[in-house]
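Visitor: Below are the sequence and a predicted model; questions follow.
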Amino acid sequence: MQGKAQAVQPNESHPLIELPDFIRAMRDHYAAERRTLPWRSDINPCRILVSEFMLQQTQVERVLGKYELFIETFPDFQALARAPLKDVLLLWQGSGTTEGL
């Protein structure tokens, strides 16, 4: 049975929370603590991708300060693709993620 994962069984040394309980706890926590963020209600693929990249290596508060201006300047993939790299990097600068570019 080499190479196959074995199911972990609950026992005294490795207690497991039941998945439905965990899901319920996560939903309750999100309902109580969620923040209104501009990318959560957006279905535009470019905006979602930009938010994901920005959120990879920095805090939400820092992204909030950069996201809106970045999206106003580069509202879609075409605008971003046409932009000179120096303009993109200038706007991205300070978001906390330029080290990865």
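Guide: Yes, it's here. Not measured: the values here are computed from a predicted model.

Visitor: Okay, now the unreliable bits of the chain?
Guide: For the chain, applying pLDDT under 70 flags the ranges 1-17, 94-101.

Visitor: which stretches of it form helices?
Guide: Taking DSSP state H to define them, one finds helices in the chain at 19-33, 45-55, 60-73, 77-82, 85-92.

Visitor: now those as a markdown table including mean neighbour count?
Guide: All C-beta spots, glycine's among them, are computed from the backbone N, C-alpha and C. Formatted as a markdown table, these follow (neighbours: other CB atoms under 10 Å):
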| stretch | mean neighbour count |
| --- | --- |
| helix 19-33 | 9 |
| helix 45-55 | 16 |
| helix 60-73 | 15 |
| helix 77-82 | 12 |
| helix 85-92 | 13 |
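
Visitor: Select, out of those helices, the one closest to W39.
Guide: Checking the helices of the chain against W39 by CB to CB gives helix 45-55 as the closest, at 3.7 Å.

Visitor: give the contact list for A79.
Guide: Contact analysis of A79 by CB atoms under 8 Å, 6 or more residues apart in numbering lists T73.

Visitor: Test my guess that V50 contacts K66.
Guide: No - taking contacts as CB atoms under 8 Å, V50 lies outside contact range of K66: 9.5 Å.

Visitor: thinking again about what came up before, same list, the helices of the chain, but as TSV with distance to W39 please.
Guide: Shown next, in TSV, are the helices of the chain (distance: least, CB to CB, whole Å):
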stretch	distance to W39
helix 19-33	16
helix 45-55	4
helix 60-73	7
helix 77-82	16
helix 85-92	16
